[in-house]
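J.: generate a structure from the sequence data that follows.
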Amino acid sequence: MVFLSIIYNYGIWISIPLFIFSATLLIMSIIGVVRTGRQAVLFSLPLTERQEIEFTEPGSVVLCMEGPILSRRFAKLEFQLTGPDGIAAKNRPVLFRARTTGFSKAKMELRVYEIAHQGHHLFQIHGLGGEKPLDSEHRMVFTRPNHIRTMAFVLGIIVGAIFTILSIVLFFLRLLKVESS
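T.: I've put the predicted structure just below:
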């Protein structure tokens, strides 16, 4: 209790630097999570049945769907990625599907592909059933996996928000001279 008493007694002097630090952490974490999402995007493709794409380096890539919120256009579609050697790329469903939602569009992870060789790959979508009028609003996006960095920034957002609120509360408690019991 002595520790809390010291914090309370020097609340104004503690709350101001704590607010500056935590608000900076909050802002930098928000910028970081947005930047991480943008940097992870390799390319965005229109929603068509068949197209060639080029991967410049081997490794894991994540296939995401992007389109209007609550769109059912991606329901029951199957995806196939064939490498330059004619062999289908190994893939698996995403265990924890990350979702990003804006005001008008949403993006969700679907599958993780292992790119064995760089070069031209054939990407096919089965089950599209022809072109629909709103297909121009839908995209297939390939990204690099970025869950660990994103989760680190989300943790920074949570910690920054908690300490920002605590510093504001502490500042106003001391400013209004609320007595501790």
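
J.: buried residues of stretch 29-48, list them for me.
T.: Residues of stretch 29-48 classed as buried by neighbour count (16 or more other C-beta atoms under 10 Å): 29, 30, 32, 33, 36, 37, 40, 47. In this view, the C-beta of every residue, glycine as well, is placed from N, C-alpha and C.

J.: quick one: low-confidence residue ranges for the chain.
T.: 1, 179-181 (pLDDT under 70).

J.: state the distance from the residue most central in space within it to residue 94.
T.: Among the residues of the chain, the smallest C-alpha distance to the mean C-alpha position (C-alpha atoms, centre = their mean) belongs to residue 37, namely 5.1 Å. As defined by C-beta to C-beta, to the nearest Å, residue 37 lies at a distance of 15 Å from residue 94.

J.: phi and psi next, for residue 117.
T.: When read as degrees, to the nearest 10, the backbone of residue 117 gives phi -130, psi 140.

J.: right, and it touches residue 84 too?
T.: Yes: between residue 117 and residue 84 there is a contact at 5.7 Å, judged by C-beta atoms under 8 Å.

J.: re the thing from before, got a markdown table for the buried residues of stretch 29-48, with secondary structure and distance to residue 134 too?
T.: Formatted as a markdown table, the entries for those read as follows, by DSSP: H, G, I helix; E, B strand; the rest coil; distance: C-beta to C-beta, whole Å:
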| residue | secondary structure | distance to residue 134 |
| --- | --- | --- |
| 29 | helix | 35 |
| 30 | helix | 31 |
| 32 | helix | 33 |
| 33 | helix | 29 |
| 36 | helix | 29 |
| 37 | helix | 24 |
| 40 | helix | 26 |
| 47 | coil | 10 |
